[in-house]
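Q: just the structure for this:
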Amino acid sequence: MTSAEFDFDLPRERVAQAPARPRDAARLLHVAADGLHDRTVRDLPGLLAPGDALVVNDTRVIPAQLTARRGAARIGITLDRPLADGTWVALARNARRLRAGDTLDIEGAALSACVVARQEGSVTLRFDRQGAALAAALQASGALALPPYITRPHGPLAEDAADYQTVFARADGAVAAPTAGLHFTPALLAALEARGVVRVTVTLHVGAGTFLPVRGDVGAHRMHPERGEITSEAAAAINQARRIVAVGTTSLRLLESAAAADGSVTAWAGETDLFIRPGHAFRTAGLLLTNFHLPRSTLFMLVCAFAGTARMRAAYAHAIAAGYRFYSYGDASLLARA
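A: Here you go, the predicted model:
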């Protein structure tokens, strides 16, 4: 299996540069067993049934884009994930110029970091503070690491600070937003509750690796680990559900990482590098709400695995022809599992 099998042509004008307003006015392509149906996100309550469990990701995006200096050298850093010992793995431009023991001064705040180790394209950093003090320094010096396909020549706009967070955002730690969750509004949540749809919250902190393309052989690709948690209360609610509706590929990857062979889910915490691609045997969700993804990406491979490659190729061709908006700020799809 090669990445070329998951390629498709997407006109540049189909890439959304801002979300729909209000959020639940976004279009929704329902990819069902009986075909493709053009709807809006506001139609979601009517597509679900009482007793369904909507599983949402409550991770909160942090300002992970930093500019550092080592002497006269200027180095761009994107935080990826924290490790158990308090250090951070970060992607770094000009990483080859860094060595273990180097001190980096972060622009915009009295914040510094020591290079603990260097890997290909990334470094492990230990900041001079942790916890709330580090979070405050990142707010002062960092910027949102918006996806490269969202054009912001002068950096994120003021409205991106709210647009790129879900209404569920609670637990700091993501570099990228769980974008399917961006479509929800208080009014939509109230309509879902009135329909009898249960909402269950899990956490998966999305890392910078989500933007990396797959090159060549799919089997050789390695996912960047991402930290997640499912509480015992969330697991119990999931197991009692009539049907599991995963909101986003992040929620689905976490569910599949925690599921037993019989499909039951138990409390779980740790890192997952699960790479879902065609051939994966799904054990949990029956429906997946997700945005439209990049060609050759692990996320497009995931939706092909979930709903069938031929069906997803047809769905994406329809979406492009019908003017759907793609990627993080774009429209959504509701996929029935093949």
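Q: show the average pLDDT along the helix or strand hosting Gly270.
A: Secondary structure assignment for Gly270, by DSSP states H and E: strand 268-272. Averaged across strand 268-272, pLDDT comes to 94.
Q: buried stuff in it?
A: 268, 272 (16 or more other C-beta atoms under 10 Å). C-beta here means a position set from N, CA and C on the backbone, and glycine is covered the same way.
Q: quick one: strands adjacent to that strand?
A: Sheet partners assigned to strand 268-272 using DSSP bridges are listed as strand 226-230 (antiparallel).
Q: would you mind checking the average pLDDT for the strand it pairs with?
A: 94.
Q: cool, stretch 147-158 as well?
A: For stretch 147-158, mean pLDDT rounds to 92.
Q: report the beta-bridge partners for the nearest residue to Phe127 once chain neighbours are set aside.
A: In this structure, Phe127 finds its nearest non-sequential neighbour in Ala113, 4.7 Å apart by C-beta to C-beta, 6 or more residues apart in numbering. Beta bridges link Ala113 to Leu104, Phe127 when assigned by DSSP bridges.
Q: where does Ala113 land on pLDDT?
A: 96.
Q: so how far is Thr87 from it?
A: Here Ala113 is placed at a distance of 9 Å from Thr87 (C-beta to C-beta, to the nearest Å).
Q: of the two, which one has the most company?
A: Neighbours per residue, other C-beta atoms under 10 Å: of Ala113 and Thr87, the larger number sits with Ala113, 24 against 18.
Q: neighbouring contacts of the strand holding Gly270?
A: Contact with strand 268-272 is made by 204, 225-230, 235, 253-254, 257-258, as judged by C-beta atoms under 8 Å, 6 or more residues apart in numbering.
Q: list the contacts for the residue nearest to Phe127?
A: Listed by C-beta under 8 Å, 6+ apart, the contact partners of Ala113 are 68, 88, 103-104, 106, 125-128.
Q: so which of the residues you listed is the closest to Pro153?
A: Pro153 lies nearest to Ala68 out of the contacts of Ala113, by C-beta to C-beta, at 21.3 Å.
Q: which non-adjacent residue is nearest that closest one?
A: Nearest to Ala68 is Leu104, by C-beta to C-beta, 6+ apart, at 4.0 Å.
Q: ok, Thr309 next?
A: That would be Pro278: by C-beta to C-beta, 6+ apart, it lies 5.9 Å from Thr309.
Q: for the one you found, helix, strand, or coil?
A: Classification of Pro278 by DSSP: H, G, I helix; E, B strand; the rest coil places it in coil.
Q: geometric centre of this protein: which residue is closest?
A: Pro178 (3.6 Å; C-alpha atoms, centre = their mean).
Q: need the per-residue pLDDT for it.
A: Per-residue pLDDT puts Pro178 at 96.
Q: start the count at 144 instead of 1 going forward.
A: Taking 144 as the first residue, the last one we looked at is Pro321.
Q: filter the contacts of Ala256 down to the buried ones.
A: 211, 231, 247, 249, 268-270.
Q: out of these, who's nearest Thr202?
A: The closest of those to Thr202 turns out to be Trp231 (C-beta to C-beta; 16.0 Å).
Q: any chance you could map the helices in this protein?
A: Using DSSP state H, the helices of the chain run over residues 187-190, 274-284, 303-306, 329-338, 375-382, 392-401, 441-450, 452-464.
Q: what about the residue lying closest to Leu445 once chain neighbours are set aside, how many neighbours?
A: Nearest residue to Leu445, sequence neighbours excluded (C-beta to C-beta, 6+ apart): Ile419, at 4.5 Å. Using other C-beta under 10 Å, Ile419 has 21 neighbouring residues.
Q: tell me the contacts of Ile419?
A: The neighbours of Ile419, taking C-beta under 8 Å, 6+ apart as the test, are 392, 395-396, 399, 441, 444-445, 448-449.
Q: what do you get for Val340?
A: Neighbouring residues of Val340 by C-beta under 8 Å, 6+ apart: 188, 191-197, 388.
Q: among those, who's most crowded?
A: Val388 (28 neighbours).
Q: so that residue is in contact with Leu432, correct?
A: Yes - when contacts are counted by C-beta atoms under 8 Å, Val388 is listed as touching Leu432 (6.6 Å).
Q: can you give me the strands in the stretch 144-293 of the chain?
A: Taking DSSP state E, counting those that start in this stretch to define them, one finds strands in the stretch 144-293 of the chain at 170-175, 178-183, 195-200, 202-204, 208-213, 216-225, 231-235, 246-249, 254-262, 265-270.
Q: between those strands, which one is closest to Tyr467.
A: Across the strands of the stretch 144-293 of the chain, Tyr467 has its closest neighbour in strand 170-175 (5.7 Å, C-beta to C-beta).
Q: what pairs with that closest one, parallel or antiparallel?
A: Strand 170-175 has the following sheet partners, assigned by DSSP bridges: strand 178-183 (antiparallel), strand 475-479 (parallel).
Q: any regions of the stretch 294-443 of the chain where pLDDT drops low?
A: The stretch 294-443 of the chain contains residues with pLDDT under 70 at 354.
Q: apply 50 and report the result again.
A: Scanning the stretch 294-443 of the chain for pLDDT under 50 picks out no residues.
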